[in-house]
Each structure stands twice: as C-alpha cells, then as structure tokens.
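Visitor: This is a predicted model, with the sequence first.
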Amino acid sequence: MRPAMLRSEDRPMPRSDAQPDAQFDRQPGAGRRRSVDLSVYLVTDTEQCGGVDGVVRTVREAVPAGVTLVQLRDHHLSDDDFVALGRRLVDVLDGTGVPLLIDDRVHLVGPIGAQGAHVGQDDMPIDRARAMLGPDAILGLSTQTPGHVAAARAMGEQLVDYLGVGALHSTGTKPEAGDLGMATVASVVEVSPWPVCAIGGVKADDAAPLAAIGCDGMSVVSAICGQPDIAAATRRLVDAWSRATGVPATHTGHAEGNPVGQASPARQDPSASPNPSPDKAAR
Ligand SMILES: Cc1ncc(COP(=O)(O)OP(=O)(O)O)c(N)n1
Ligand SMILES: Cc1ncsc1CCOP(=O)(O)O
Ligand SMILES: [Mg+2]
C-alpha cells in the first residue's frame, strides 16, 4: 500500500523504477502538501443523526472511538444554522487533532473556523475554492472517473489534498451517486496523485478490498450516523481498517492526539502495511 499519509517532509522520493505516471511531484519544492488522515472519515447527515443535537452527539462519541476526519454535510440548513452547528463541532473537536471540513459551502469555512472544505464535480471549481480557502486549508474533491482526476491534475496538483470516490455501493444517503463498484474506484486510485477515500455504502467489510486497491481510507455516513451505539459502530470501522492496513488503530480523539491534519506516526511507516501495492510504492 502506498504511504499516502506521510507528511510532505517525510514523503519518499520517487523510485527510480517507478512508472512515469506514478511519480507525480514528490520532489522537494514541487508543491506544498497538506497532510490529512482519511482512515475513518465521518461525513455527517443531520436527519440520520436525529437533528443538529444528534450531529454534535455523534461527533462527540465517534471521535474518541477513532474517527480521523469529520465533514459537516447538510444541504438543508440555512447558512446561519449551518454556521451555528459548525461552531459547535469546532468546540467538540478542539484539542482532538481531528480536522473539520465543510461540504460545499466553502464561504462558511472561515466563519465556522473549520480546517477546510470538500467540493464535488458540480460545486465550486477547485481553483476558486483554493483561492477562497488559502494555501493551508484542506481541500477535498469528489471524483468518479480517471478523467476527473486528469482534469483536476491539469488545474494544478497543489490545489487539492485528497479525493473522495463514490458511490462505491448504491446508498440511500445519496441515491443519485449510483454504484461505481470496486473496479472503478480502483481505476481512480490508480491514477490519483492524491490520497483517496471511498464513499457510498461503505461498511467494515469493505476495509480489506479498499486497502488492497490502495485506498487511503473509508468515508461513511450511515455506518456511523444513526447507529444505536455510535462508539461501537465507529470502532468496528476503525478496527477493520487497522486489520486491513496492518497499522495499529490510533485513537486521536483526545487532547494528546496528533496535530490537526497530520497523520499519526504509526501511519507514517509504510513498512507496517501487510498489503504493499507495488505500483503505489513510490507515492
Ligand atoms: C469524502 C467525500 N466524498 C464525496 C463526497 C460527495 O461530494 P459531492 O459529489 O459534491 O456531493 P454532496 O456531498 O455535496 O452531495 C463528499 N461529500 N465527501
Ligand atoms: C456524500 C456521498 N457521496 C457519494 S455517496 C455519499 C453518501 C454516503 O453515505 P453512506 O455512507 O450512508 O452510504
Ligand atoms: Mg458537493
């Protein structure tokens, strides 16, 4: 498996035998990288969580259980209510080392005090989002095809920090996202210069196949939101990902956790993975 969670200064130089397409810009000075741990990425759904208080409770319980990244996603709240909820999540996450990203509403990242945003193919273009966010914020982009990856690369690899690819499986959370399947997700991972998380119907059973194709994490809504025991549901995902990657689960949800946006030291050791993916080894 490729060591995609390395901090920029720790990233290996490209292998001399790497395929040209797999080398990308790993040379020092080729562009700044904002490190982000995608391992178990919680995307919130207000309805599934039972309302805004439920979103706050879900994040409060999921983070100590090992969620590594949180996205606030709600297509219905007014901007004012969205900001109010986002600020509550900032408070919950304060001191945990787990970043908060904002779905779609890039203009609210600043007012909320979040660490970045996630945009899709039909949302704000990534160059505009990056211009609004500044160089240090985390920016994720949804992609469904290798062509989407090529188009994003053409705009500049420094614009984006990770890709979300899906829907892996059809899902009631976003029915219109379809059902890409593992082979299509793998085709995106294969050409991506960025870390990739899969989304859409992702469950603990997907951890092994996703790790095997070189994915960097699992992004979930309903596998956590609305579950009767949020912490137990989260731990199932965290443990499955840990088993699949061979990287010990690091529970970042405490004040001594990793710095915001940085991968845990354990995740920086590519030799820890039992699923080496040779074609990804140079990334
Ligand atoms: C991690 C992650 N991946 C994909 C998406 C989907 O984004 P998008 O296609 O813009 O759809 P909406 O979420 O805005 O409905 C995501 N939000 N997060
Ligand atoms: C936001 C999003 N983008 C593609 S599928 C999806 C929803 C994922 O939700 P779930 O984990 O409940 O299938
Ligand atoms: Mg969107």
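Guide: Noted; the coordinates are in hand. Quick caveat: nothing in here was measured; it's all calculated off a predicted structure. Ligands and ions are numbered 1, 2, ... in the order given.
Visitor: Give me the neighbour count for the residue in the stretch 51-200 of the chain positioned nearest to ligand 3.
Guide: Ligand 3 sits closest to Gly120 of the stretch 51-200 of the chain, with a gap of 3.5 Å, by Cβ to the ion. Every C-beta, even on glycine, is put in place using the N, C-alpha and C of the backbone. Gly120 has 16 neighbours, counted by other Cβ atoms under 10 Å.
Visitor: what residues are up against the spatially closest residue to Asp74 that is not a sequence neighbour?
Guide: The spatially closest residue to Asp74, leaving aside those adjacent along the chain, is Thr46, at 4.8 Å (Cβ to Cβ, 6 or more residues apart in numbering). Residues in contact with Thr46 (Cβ atoms under 8 Å, 6 or more residues apart in numbering) are 52, 54-55, 74, 76-77, 85.
Visitor: confidence score at the residue of the stretch 51-200 of the chain closest to ligand 3?
Guide: We have a pLDDT of 98 for Gly120.
Visitor: sec struct for the residue nearest to it when sequence neighbours are not counted, please.
Guide: Spatial nearest neighbour of Gly120, chain neighbours left out: Ser142 (3.9 Å); criterion: Cβ to Cβ, 6+ apart. For Ser142, the assignment made with DSSP: H, G, I helix; E, B strand; the rest coil gives strand.
Visitor: The nearest residue to Ile126 once chain neighbours are set aside and ligand 2: what is the separation?
Guide: Excluding the flanking residues, the one nearest Ile126 by Cβ to Cβ, 6+ apart is Leu159, at 4.7 Å. Relative to ligand 2, Leu159 is positioned 20 Å away (Cβ to the nearest ligand atom, to the nearest Å).
Visitor: Quick one: neighbours of Gly51, just the number.
Guide: Gly51: 11 neighbours (other Cβ under 10 Å).
Visitor: Could you double-check that Asp179 sits in contact with His169?
Guide: Yes - between Asp179 and His169 there is a contact under Cβ atoms under 8 Å: 5.9 Å.
Visitor: Compare those two (neighbour count), which wins?
Guide: His169 (18 against 14).
Visitor: Can you get me the start-to-end distance on stretch 217-228?
Guide: 23 Å (Cα to Cα, to the nearest Å).
Visitor: And that stretch, what's buried?
Guide: 217-227 (16 or more other Cβ atoms under 10 Å).
Visitor: How far does it sit from its chain's centre?
Guide: 13 Å (Cα atoms, centre = their mean, to the nearest Å).
Visitor: can you tell me if that stretch touches ligand 3.
Guide: No - against ligand 3, stretch 217-228 shows no contacts by Cβ under 5 Å from the ion, the least distance being 13.0 Å.
Visitor: Phi and psi next, for Cys197.
Guide: The phi/psi pair for Cys197 (degrees, to the nearest 10) reads phi -120, psi 150.
Visitor: Is stretch 214-229 positioned near ligand 1?
Guide: Yes - shown here: stretch 214-229 in contact with ligand 1 (Cβ under 6 Å from any ligand atom) through Ser219.
Visitor: So what would you say the end-to-end distance of that stretch is?
Guide: First-to-last residue span, stretch 214-229, Cα to Cα: 29 Å.
Visitor: Now stretch 40-52: buried residues?
Guide: 40-46, 48-49, 52.
Visitor: Tell me if I'm right that Ala240 and Asp205 touch.
Guide: Yes - under the criterion of Cβ under 8 Å, Ala240 makes contact with Asp205 at 7.4 Å.
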